[in-house]
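Asks: make a model of this:
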Amino acid sequence: MDYKKSLSTVILTTFVLDQLTKWFAVEHLLNGKTVELFWTLQLRLVRNSGISFGKGEELGQLISVVVFVVVIVLIKMALNAKERRTLFLYGLIVGGALGNLSDRIFRQSDGFLRGEVVDFIDFQWWPVFNIADSAVVIGCLLLVFNGLRFERI
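Replies: Below you'll find the predicted structure:
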């Protein structure tokens, strides 16, 4: 099994899906436009210069540097993974992290790593988020669950 190719595919797929959905949000959700989907789910454009849930605006640069280092560590860990499932989960996390990091680098920047992350998925009872956020959270939760499951065996 070619781990490098599999890891690259998951990372790239997650990253591209994140960037395409952010492009859609930026193009179609201008001027406060919202799109009601179902229940409390709507699409609404929000730009986040903070670290999480819009908090810590002054920490964006520091978190970006930390994320860059963590991505390198996660890639090294992924390449040592023994199972395809674990590799996939690392790929989700890295792809999501790179999606948000690229926003910090390239989206309306006031300087190095001061760009804003595009968020658009809004349940109205939870902070607005994006595909990259989802990939990171789901990947981390399943990675922990996966590790706990193997600990018990």
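Asks: please enumerate the strands of the protein.
Replies: Ranges of strands in the chain, per DSSP state E, are 34-38, 41-48, 117-122.
Asks: need the mean per-residue confidence for the first one.
Replies: Put plainly, it is strand 34-38. If you average the pLDDT over strand 34-38, you get 89.
Asks: in this structure, which residue is closest to the centre?
Replies: Nearest to the geometric centre of the chain sits residue 132, at 2.3 Å (CA atoms, centre = their mean).
Asks: what separates that residue from residue 5, distance-wise?
Replies: Distance check for residue 132 against residue 5: by CB to CB, to the nearest Å, it reads 22 Å. To be clear about C-beta, it is placed using only N, CA and C from the backbone, and glycine gets the same treatment.
Asks: next one: residue 123
Replies: When CB to CB is applied, the distance between residue 123 and residue 5 equals 36 Å.
Asks: neighbour-wise, which of those two wins?
Replies: Set side by side, residue 123 and residue 5 give different neighbour counts by other CB atoms under 10 Å, the larger being at residue 123 (13 against 8).
Asks: so that one touches residue 43, yeah?
Replies: No. In this structure, residue 123 sits apart from residue 43 without contact. The criterion is CB atoms under 8 Å, and the distance is 10.9 Å.
Asks: thinking again about what came up before, can you tell me the closest non-neighbouring residue to the residue nearest to the centre of the chain?
Replies: Counting by CB to CB, 6 or more residues apart in numbering, residue 99 is the residue found nearest to residue 132 once chain neighbours are left out, at 3.4 Å.
Asks: count the residues that sit near residue 77.
Replies: By the measure other CB under 10 Å, the count of residues near residue 77 is 15.
Asks: check contacts around residue 65.
Replies: Applying CB atoms under 8 Å, 6 or more residues apart in numbering, one finds that residue 65 lies in contact with residue 113.
Asks: pLDDT score for it?
Replies: Each residue has a pLDDT score; the one for residue 65 is 85.
Asks: when you give positions from now on, start the count at 716
Replies: Yes, from this point I'll number from 716; that puts the last item at residue 780.
Asks: how much space between the residue nearest to residue 847 and residue 741?
Replies: Note on residue 814: its distance to residue 741, by CB to CB, is 14 Å.
Asks: intersection of neighbour lists for these two?
Replies: When contacts are counted by CB under 8 Å, 6+ apart, residue 814 and residue 741 have no shared neighbour.
Asks: who has more neighbours, the two?
Replies: residue 814 (26 against 14).
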